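> show me how the following folds:
(2 chains)
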There are 2 protein chains.
Amino acid sequence: MKNNVNRELPDDVMNALDYQPYQTTNIGNPDIQRVAPSVHVQTGDDKLVDSIEDVVKATVKDGMTISFHHHFRNGDFVFNKVMRVIIDAGIKNLTLAPSSLTGVMNDMVIEAIKAGTVANITSSGMRGSLGDFVSHGNLKNPVIFRSHGDRARAIEHGDIKIDVAFLGVPNADKLGNANGMDGKAVFGSLGYALMDAQYANKVVLLTDNLMPYPNTPASIKQTQVDYVVQVDQVGDPDKIGSGATRFTKDPKELKIASTVNDVIVNSPYFKDGFSFQTGSGGAALAVTRYLRQAMIDNKIKASFALGGITKPTTDLLNEGLIDRVMDVQDFDKGAADSMHTNPKQQEIDASWYADPDNKGAMVDQLDVVILSALEIDTKFNVNVMTGSDGVIRGAVGGHQDAATAKLTIISAPLVRGRIATVVPDVTTVVTPGDSIDVLVTEYGIAINPKRKDLQESLGHLAGVPVYTIDELQKMAAAKVGTPKPLEFTDRTVALVEYRDGSVIDAIHEVKD
Amino acid sequence: MKNNVNRELPDDVMNALDYQPYQTTNIGNPDIQRVAPSVHVQTGDDKLVDSIEDVVKATVKDGMTISFHHHFRNGDFVFNKVMRVIIDAGIKNLTLAPSSLTGVMNDMVIEAIKAGTVANITSSGMRGSLGDFVSHGNLKNPVIFRSHGDRARAIEHGDIKIDVAFLGVPNADKLGNANGMDGKAVFGSLGYALMDAQYANKVVLLTDNLMPYPNTPASIKQTQVDYVVQVDQVGDPDKIGSGATRFTKDPKELKIASTVNDVIVNSPYFKDGFSFQTGSGGAALAVTRYLRQAMIDNKIKASFALGGITKPTTDLLNEGLIDRVMDVQDFDKGAADSMHTNPKQQEIDASWYADPDNKGAMVDQLDVVILSALEIDTKFNVNVMTGSDGVIRGAVGGHQDAATAKLTIISAPLVRGRIATVVPDVTTVVTPGDSIDVLVTEYGIAINPKRKDLQESLGHLAGVPVYTIDELQKMAAAKVGTPKPLEFTDRTVALVEYRDGSVIDAIHEVKD
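Numbering: from 1, shown residues only, chains lettered A, B, ... in the order given. Here you go, the predicted structure:
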């Protein structure tokens, strides 16, 4: 079968997993029966367990679905500690359902797959050796990639039924009250983990910092937690923050950031009370810097900034240029610290952030978002999942979710080295072109033809050449040539869900 | 059938409503499948509705269960506004499931019953004309009285399935982010209402204070709210606080408060890190004052204070004598204001406060609680529901819930006017004697015989005579005589649930 972004989807897999093909970005107004966890009642004075071994023995059985959060990013010690014990216990056929998988987890996941411990994976993404391993067909069942909002949706629908959630926290009391703000390995918002805490049948907290009872503010509450395990260290503080906390000095990135700012400032959305999401990475920080100046110059203040939050964004909050920061994760220590001190920085869970099957998510109210792309094609479809070699090396993240903004900007270089970013057809469609409004490259911009209104406001900016997306694609091809088509086998190694749970693309095993 | 506090329960009603008789205060460790609401998906820019009429038309149908909170207490304008519209719309056979009913709602409830609009009621309590009306058999189906913790349990089990919750708030934005702290009619913690916001299929906010989006801190979140209605005024600020914000000057009350303090201070629980709940009313405030001095004198600090919170308690927090205030409701403006400024005052929902079917509620960790009584009998069973005339004039409140404390003290005068408080058998058992440890009267104390340990620590305090509960009952009878037994008909007008959902007593129609 084909879906509405013209992707051929494997009938056998689609039918076996009872999937619908992607149709539209329009979520509509369905009535959804939410699910709820089973609760084992306890009234004791503590929930402390001596060791990970003990808690694994008490909770994990063959065939279960287990989950983790990725707020520690590459500083995570919890995932490997717990998986080590689970593998050694000889447990088989688990479904691994973390909010995402970071590089530091790769070796352990591969070992768990080889041992038969992990049979299924759903994640926001994967990179490096694990992406390579999966792309070469080494996991029997297809990985299911879901956006952060879609994961929240899937949990709230019961599509993901978490039996046991192992959640690392930088502090907790003996009954499980915990937050992400105090301790050594702090990461700020617990946004993604809050879904697991609310919906998993069993919730295990792991912490290196046992606090007096009752520990508040309690982002995770004792009413949600079954066990608390003390460990030496939950994470490496130095590796939790994203690398990029400084503005880029790359002239190409600065040029793109400056043009992104021009697009925003000249759009109809740049007015008092507007809202935005910029994301992380050096280029995003540069956009925030330009935007700050434009807000000051034009005496414009934002109602809220959303998403993964960085220090330059919380600086705007503290400066009074933004009224609220709605915070599902923090990308650096500065942003995490700010959450502690500024009550206008509100921790939000992944459902509030972006679950499409909701009474209203934050992304629905978003005016402007800047997103990245590995590839974008002439239908404005975006790939943030597979590389130019067809291998999995990315994550859906909040890409599909935030693309619901009124002005969705893709910020990407026309070419990267000898590889075109703007292509006739992306290798993997992650975010449908219908939700993309403007592509900004270092050579100029392309406006989605369906946005005639933007053609008017952005079509004649000084220093911002406007091309059609086909023209940009041809410019890219002229620079780097046309690569040989990628070769894949018939084997499906992953499905990419759209945020509503339909399938927007399938990823096939690479042929070497 | 009879239950374990020797109460005869009406077989027909018990069977028709599929109830079990009360057996034990021990909750055990059952596995509970929680329920979840149905969600109508919306992605629009606001949820504003022009009028209560419009929102009632859109949501309420014959036979539904509707709910309200009682945080505005006698300053509530929301209940009467909404019920007026519902009655006028000719809607019939509703179940009314508020967190409690306050006096200001009485006339409207009676009108709604007479009109056939309300056919069933579950509440924490009722007083005045409504209690009289129900006690005289004017509601066809028995009222179900539930403690605050039991209401949370019932909602989380699906015993109470709320179709539409009408929740008044002193502030909200256009999408439903709201708290109880900002605006004119502020009440602080939204503790009871948080259950309705999380579990009702449809949630309607009513506010007189529409805030810029996004409004934070968001105790109620946009993900939970379907409609927002602007009204002139949600409540009368002057009537929200309880009357008693000053210490009592009544010598009898002061004597009791001083003895309560003696009991606490000489118990094994008065040590660094202890926890307590004192409740509201002039006598409770006096206990807090004595306790403050004892804490200073003995260099003892409390880990937390729990429950309905008053300014004298938040003063202790600000003084550093308490480390945390765990706040399910605030009884006065001082306590509500403190929640705004002191991050150590944590808003908790009714489930966290006291749901017995939980992974751990705050009440499970409580060391000392002081509770009141209309009557207490020689089995230490307590009645806080029916008066000496057998008429309903009280509320379960958190009485059963907090009685789980390690030291549960009933503070009550031996007699009130010509009426004995200590009686051979209470008219209505609300809280089982098994969970009561000490009775404090102005004449002396009685210790529950099962607490031999307390006999040792409290048996020989200077100025605190110790009696058996039978002796105190006889002293009371000697003062006021033995009243003629109350006369009731066979008709059951209410059932009182124990916090686990079993039935602890039935209330019958009074015979005039």
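
> show me the contacts for the spatially closest residue to residue A:310 that is not a sequence neighbour.
Counting by Cβ to Cβ, 6 or more residues apart in numbering or on different chains, residue A:331 is the residue found nearest to residue A:310 once chain neighbours are left out, at 4.9 Å. Heads up, the C-betas are built off the backbone N, CA and C, glycines and all. With contact taken as Cβ atoms under 8 Å, 6 or more residues apart in numbering or on different chains, residue A:331 is in contact with A:241-242, A:280, A:308-310.

> distance of residue A:331 from residue A:57?
Distance, residue A:331 to residue A:57, using Cβ to Cβ, to the nearest Å: 36 Å.

> what of residue A:13?
Remark: distance between residue A:13 and residue A:57 (Cβ to Cβ) = 35 Å.

> check contacts around the residue positioned nearest the centre of chain A.
Within chain A, one residue has its C-alpha closest to the average C-alpha position: by Cα atoms, centre = their mean, that is residue A:397, at 1.9 Å. For residue A:397, the contacting residues are A:100, A:124-125, A:147-148, A:308, A:384, by Cβ under 8 Å, 6+ apart.

> quick check: pLDDT value at residue A:244.
With respect to pLDDT, residue A:244 scores 53.

> tell me the residue of the stretch 101-250 of chain A that sits nearest chain B?
Nearest to chain B, among the residues of the stretch 101-250 of chain A, is residue A:216, at 4.1 Å (Cβ to the nearest Cβ).

> in stretch A:106-114, what counts as buried?
By neighbour count, with 16 or more other Cβ atoms under 10 Å in any protein chain shown as the criterion, the buried positions of stretch A:106-114 are A:106, A:108-110, A:112-113.

> can you put those residues in JSON lines and add distance to chain B and pLDDT?
JSON lines is the format used below for these (distance: Cβ to the nearest Cβ, whole Å; pLDDT from 0 to 100):
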{"residue": "A:106", "distance to chain B": "33", "pLDDT": "98"}
{"residue": "A:108", "distance to chain B": "29", "pLDDT": "98"}
{"residue": "A:109", "distance to chain B": "29", "pLDDT": "98"}
{"residue": "A:110", "distance to chain B": "34", "pLDDT": "98"}
{"residue": "A:112", "distance to chain B": "28", "pLDDT": "98"}
{"residue": "A:113", "distance to chain B": "32", "pLDDT": "98"}
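
> name the nearest of those residues relative to residue B:268.
Within these, distances to residue B:268 taken as Cβ to Cβ reach their minimum at residue A:108, with 48.4 Å.

> what sits against that closest one?
Neighbouring residues of residue A:108 by Cβ under 8 Å, 6+ apart: A:79-80, A:83-84, A:87.

> on the three-state scheme, it is what?
Remark: residue A:108 carries the secondary structure label helix [criterion: DSSP: H, G, I helix; E, B strand; the rest coil].

> look up how far residue A:134 lies from it.
Noted for residue A:108: a distance of 14 Å to residue A:134, by Cβ to Cβ.

> of the contacts of residue A:108, which pair is most distant in space?
Taking Cβ to Cβ as the measure, the contacts of residue A:108 span a maximum distance of 12.0 Å, between A:79 and A:87.

> between these two, which is the more surrounded one?
Higher neighbour count among residue A:79 and residue A:87: residue A:79, with 24 against 19, using other Cβ atoms under 10 Å in any protein chain shown.

> report pLDDT for that one.
pLDDT recorded at residue A:79 is 98.

> without its sequence neighbours, what residue ends up closest to residue A:346?
Ranked by Cβ to Cβ, 6+ apart and with sequence neighbours excluded, the top spatial neighbour of residue A:346 is residue B:216, at 4.2 Å.

> sorry, wrong one. I was asking about residue A:316.
If the residues on either side of it in the chain are set aside, residue A:316 comes closest to residue A:322, at 4.7 Å by Cβ to Cβ, 6+ apart.

> my read is residue A:492 is in a strand, agree?
Yes. In this structure, residue A:492 lies within a strand as judged by three-state DSSP.

> in stretch A:460-476, which residues are buried?
Going by 16+ other Cβ under 10 Å, stretch A:460-476 has these buried residues: A:461, A:464, A:466-467, A:469, A:471-473, A:475-476.

> for stretch A:307-324, same thing?
Of the residues in stretch A:307-324, those buried under the neighbour-count criterion (16+ other Cβ under 10 Å) are A:307-317, A:321-324.

> what's the offset of it from the middle of its chain?
Relative to the mean C-alpha coordinate of its chain, stretch A:307-324 is positioned 20 Å out (Cα atoms, centre = their mean, to the nearest Å).

> please consider this matter closed, and thank you.
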